[in-house]
Structures are given as structure tokens and as C-alpha cells.
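**Student:** Sequence first, predicted model second:
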Amino acid sequence: MSLSAYISRDQRSGLVGSLLLSCLLIAVGLLVVYFGQRYQLRIVYAAYVNLLVVLGLQVFMGNANITNLSHSAFMGIGAYVAAICVTPVKIKAISLPQAPWGLNAFALDPWVSAFIAIAITALLAWLVGLIITRLSGIGATIVSLALLVIVHSIFLHRTDIFKGKQAFFGIPQVFDINSILIISVCAIFVARAFRESHWGIQLRASADDEVGARSMGVNVYRVRLIAWVLGSVFLAVAGISYAYFLGTISARPFYFTHVFLTVAMLILGGMRTVTGAVLGTLLISFGLEGVRYLETGPELLGIKLPELLGLSGIMLGVVIVVTMAFRSSGITGNTEIEQLFNRWRR
Amino acid sequence: MLELVEVSKRFGGVQAVDAVSLQVDSDSVHGLIGPNGAGKTTLINLISGLLVHSSGNIRLNGRDIGDFQAHQRARYGVARTFQNLRIYPNLTVQQNIEVAASTVTRTNRRQQASPVEEAIQQFDLADKRRLYASELSYGHMRRLEIVRALALVPHVLMLDEPAAGMNQEETEQLIEGLQWVKQNHPCAMLVIDHDLRFIMSVCDRITVMNMGSVLSSGAPADVSKDPAVIAAYLGEPVS
């Protein structure tokens, strides 16, 4: 029996699109692996971790059209749970001597730790999702913001578990650029498969017209909850990938600056599409590197530029303002990469 | 069969629907007419579950669906269109239809064959499947709403002013389309419209509402001659 008997035309189109985006990611990754320097490898790794976050955002925020600002908190939960589970007992005896519930008395295999981190993040997301998916508009956004603040506060003040402002060190560095490449490619396929699934289409219908969707049999709360929990899995994986590469984490990266950065990536690329998520992440990740270079006051064409500290933050704000003002649907709008190719071929 | 028994709806001090009883057989088209503010759309909202009735019973094929939420009623076979279009503009025509088709329960699917593919042809949407709904003409958007409702494999199909904003030719095509539905995929149809010639040509029975209550009910020819209906709504008999 042919493939078309099992999957719809949109789903086949989604497979092609995922494949094209994967090729783009792999090409960038291989370029850096073979021709880049070590610091560039770290930049690409960070970009691909952010891609996981932006894809997680796209799954819920992009398809449901509900602004979520709590994603960095879920990334942090994934990172910390994995770190607590995987860090060797000898190191935890030094870094977490006061840890409750015997958290410093065991160490698990990295894969088991990752699985536990994903499960706990998804469970917490499900609990929060029971509230947040019943809200829409400003209500949902404010609740998600409150959630970010709560989680960050816990990270900062439960120093016996999370070490507060200090670094949580000693996490085995089990991931490299190849790991994040494989995970990113898988994430693209999953995000696109969800977008083209019945749930994804129902969710996008509810984003266009909630009453219209309910009247066509869509259980709006349920599809939102599914997307919210799936999105949280992406965020947990991003947190785990971050911890497993750096070997050290702290609470600071899982807060406002990161929220702002990743939302800007999704808005610039276009939050309705997976292609937008990928494009926005790559453009801002590499664009920011250029801006950071300018910040240092380099000499260009014989002219010494002044130091422009804080330029990267300004540029991020400008990107959001300009995109929202002139093309609120982002660069890709409603168009996925394979649709763009099809138009170009015609 | 759709059955309403003494259904009422009160918004604060306003009695929007007052003890309305109505019966629509599974293979008939029932017209619902009346002046603006008569409670016609409110009644449809009560049947589809977008509003909760204050009292009375709403039954479909003998089962009380009054406690079902809107999406549960749709899955049970209560389909509708809207006075103001509620298509999904960022989805394609095909995806708009898939949204409804994907929610049909297995039981419903077993009971009746899906009319979707034939309906797409009948309502002239076959060559527009890949277009975004926002790219359609107004007339085709109206048709898409009807086909999308049919994708629910409905036991009851409610059309809220389907001919509104259509020209004469489009209205004629709509009448043909509804007659096709009646012949090929019979279900209880409830149609609201202000175009009385359209109503007279598609409906087997008509109920006239005024101030939230039923003013008159019966065959189109009888209702159009009812002095109370003429005084409250028609102004003059409709031929």
C-alpha cells in the first residue's frame, strides 16, 4: 500500500519540508565542524539549543496563537532535574551538601536522567497547562510570566537544591555538536508532524476562530494542553542539551534575557511555521554574533568604530518592533519551506 | 430528529427565547424566520451549545443533549454555519474541512457515509482545495461553511442566514445545493434567512418567531397567510 494511504498530502508536504530544513541545519553544522574554530562550535551549539526552545514555543504559541513567556523556566527545570540526577555523588557531596530527600545520595545514567527530566518537566507542564490552556489573550500571557518569575525565584532561593546564583557544576559533558544536530533534526520532524496532524490543524483552527472551532467539534482545551505539554518536552530537551554540553548551569540563563531572545527569534521568522522558527533562530543567532563584534569597537575599512556596549539588546528590541510594525506574521508568514520551493519552481 | 421542548433563555432582565417548542424531522428542511431580535440566532446558539439554555429540553434522536458542551454536540452530529462567517482564514479549504471531519466520532461515521467529497464537488470547491480560505470569494466562503458543516456527518444542520450577501445567481446555486443535501444526505435542517423567496423554495415547514416566542408554525403556504405573521413580520402575503 502506498504512503498516501496512511498520511495526508499536508503531512507528506511536511516530511519534505522537514527534510529541507534538516539539510540546512546539517549543512551549517558541518561547515562549522570542518571549517570553524572552537568558539564557533559553541556558538552553533547554543544556536541549536535555542532552536529547540523556539520549536517548543512554535508548537504551542505558534499554533495556538497564545503568547507564552514561561518557556525558559521549563528549560531550566529540564536542565536542573537532569543535572541533579546525573551529577556524580562525590561532586554533589561538595556542591549540594544540604540537599533534601537524598538528592545528593544517588547518580544515574545520563539517558535515565534525561528521561526523568523530560517526564518531570512534562508532568509540571501538564499541571500548569490545566490552568493556562483555559485562558487566552492577555490572561494566558500574564500567567505564563508569573510562572517564569516563580520558577526563577525557586531556582535562586532553594540554594540547597539549585545552588542559587552559584554555578551547579560537575555535570558530565556527554553531548557534542553531533548530538545536538541529531536532536535538532528530530525536533524539526516532530514539530512539523504535529503542525500537520489532526491536533495541529484543530489547534490552528482554534487560533483563527475559537468559537468556530468548538462548533466543529474541536475540544480546544484538550488540543491546547497536548501542544503545551509537547512544547514543554522540547524545552526540557533543550535544557538537558544545554547542561550536558556545558557541564555547568546556573539560574541566570533561564530568565528574561533568554525569554526575550527566543521570542524575538520566533517573531522574526514567523511563528505560524516551523520554517519561521528555524529561520528566525539562525538569523538572530548569527546576526547577534555580528552585532557583538561591532559592540567591541572594531576597526572597519581603516575606521576605528566606537565601543557600542548594549547594542545587541537594542538590536533585539528593534527586530521585534520592526517585525511587529511592518510584518507581524514574520518573514515566512504562513508559508513553509517546501511551499516556497514549489512556488519558485513554477 | 431534533426536538425542543419549552426551551427558554434569559439574559439578565431580557427574555431572549421564551418557552420555544420545535420539532424538525430527520429528512425535512425547517425555516426559522422573524424580525431582527426575535431570538432566531439565540435559539441556534442554544441548540449548538454556544449558549446554555435557562430551562427546557433539547433532544437529538431521542437523547437529551442539553448538558453537552458545544464541541460534544458537534461530535454528536449538531452542525451549523454562522450569520457572520467563521471560517479559518489561515487554513486551506481542505484543512478547513478536515478540522470538522477529524472530529467525527466512529459511531457517527459508521451510521452514515460522509458526504464530504460529493459536497466539495456540488458546492464548487473542488479546484479550490489548496487555496487559503481567506483567498475565496464571499460566496465560496459561505459554501465552504456549509461543506465544513456537512463534514461533521450531521444529524442536524443549522444554517444561519446562508443566503445573506449573495446575489441572485449565487442564491439559486445555494438552493440547488441545499436540495442536493436534502436528497442525498438527509438530515434535520434548520434554516434562518430574511430572504423569504429563498426560505419558501427550500423549506418544508416554517416557524415564525417574534420577541423570543413562536408566533406561528406550519407549512409555508399556511404560515404566509397567517394574519399574525403578516402583521408582525411580512407586511404582505408572500406568494
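**Tutor:** Okay, I see it.

**Student:** remind me which residues of the chain are low pLDDT?
**Tutor:** As the question left the chain open, I've gone with chain A. Applying pLDDT under 70 to chain A flags the ranges A:1-6.

**Student:** That was the other one, I meant chain B.
**Tutor:** For chain B, the stretches with pLDDT under 70 are B:108-114, B:234, B:236-239.

**Student:** Which helix runs longest in it?
**Tutor:** Determined from DSSP state H, the single longest helix within chain B is helix B:168-184.

**Student:** packing partners for that helix?
**Tutor:** Other elements packing on helix B:168-184 under the criterion 3 or more C-beta pairs under 8 Å, 6 or more residues apart in numbering or on different chains; DSSP states H and E are helix B:116-122, helix B:138-150, strand B:188-192, helix B:196-202. No exception for glycine: its C-beta is placed from N, CA and C like everyone else's.

**Student:** let's see 10 Å
**Tutor:** Packing partners of helix B:168-184 (3 or more C-beta pairs under 10 Å, 6 or more residues apart in numbering or on different chains; DSSP states H and E): strand B:29-33, helix B:116-122, helix B:138-150, strand B:156-160, strand B:188-192, helix B:196-202.

**Student:** Which single residue of chain B ends up nearest chain A?
**Tutor:** Chain B approaches chain A most closely through B:T103 (2.9 Å), counting by C-beta to the nearest C-beta.

**Student:** what about that residue, how many neighbours?
**Tutor:** 21 (other C-beta atoms under 10 Å in any protein chain shown).

**Student:** Would you agree it is in contact with B:R73?
**Tutor:** No. Using C-beta atoms under 10 Å, B:T103 is not in contact with B:R73, being 11.2 Å away.

**Student:** Could you name every residue contacting both of the two?
**Tutor:** Common contacts of B:T103 and B:R73 (C-beta atoms under 10 Å, 6 or more residues apart in numbering or on different chains): A:G217.

**Student:** distance between the longest helix of chain B and the chain's centre?
**Tutor:** Its chain's average C-alpha position is 14 Å from that of helix B:168-184, according to C-alpha atoms, centre = their mean, to the nearest Å.

**Student:** Mind listing what's buried along it?
**Tutor:** B:170-171, B:173-175, B:177-178, B:180-182 (16 or more other C-beta atoms under 10 Å in any protein chain shown).

**Student:** how long is stretch A:188-203 end to end?
**Tutor:** Separation of the first and last residues of stretch A:188-203 by C-alpha to C-alpha, to the nearest Å is 18 Å.

**Student:** That stretch near chain B at all?
**Tutor:** Yes. Residues of stretch A:188-203 are located near chain B by C-beta under 10 Å from any C-beta of the partner chain, namely A:196-203.

**Student:** just curious, which of these is nearest to chain B?
**Tutor:** Nearest to chain B among those: A:H198, at 4.0 Å, using C-beta to the nearest C-beta.

**Student:** Sort out for me which of the residues of stretch A:188-203 next to chain B are in helices.
**Tutor:** A:196, A:198-203.

**Student:** Now do the same contact list for the one residue sitting closest to the centre of chain B.
**Tutor:** Centroid check for chain B by C-alpha atoms, centre = their mean gives B:M158 as the closest residue, at 1.5 Å. Counting by C-beta under 10 Å, 6+ apart, B:M158 makes contact with A:215, B:2, B:24, B:30, B:32, B:41, B:43-45, B:47-48, B:78-82, B:149, B:188-192.

**Student:** Please report the distance of A:A73 from A:I120.
**Tutor:** 13 Å (C-beta to C-beta, to the nearest Å).

**Student:** again, but for A:G297
**Tutor:** For A:G297, the distance to A:I120 (C-beta to C-beta) stands at 45 Å.

**Student:** sorry, back to before: please, which helix or strand holds the residue of chain B closest to chain A?
**Tutor:** Using DSSP states H and E, B:T103 sits within no helix or strand.

**Student:** list the contacts for it?
**Tutor:** For B:T103, the contact set (C-beta under 10 Å, 6+ apart) comprises A:198, A:202, A:213, A:216-219, B:71-72, B:74-75, B:151-152.

**Student:** returning to that earlier point: who's more crowded, A:A73 and A:I120?
**Tutor:** Higher neighbour count among A:A73 and A:I120: A:A73, with 30 against 17, using other C-beta under 10 Å.

**Student:** host element of the nearest residue to the more buried one once chain neighbours are set aside?
**Tutor:** Spatial nearest neighbour of A:A73, chain neighbours left out: A:V151 (3.7 Å); criterion: C-beta to C-beta, 6 or more residues apart in numbering or on different chains. According to DSSP H and E, A:V151 maps onto helix A:138-157.

**Student:** which other helices and strands contact the helix or strand following that helix?
**Tutor:** Going down the chain from helix A:138-157, the next helix or strand is helix A:159-162, by DSSP H and E. On a contact count with 3+ C-beta pairs under 10 Å, 6+ apart, helix A:159-162 meets helix A:71-86, helix A:138-157.

**Student:** Good, wrapping up.
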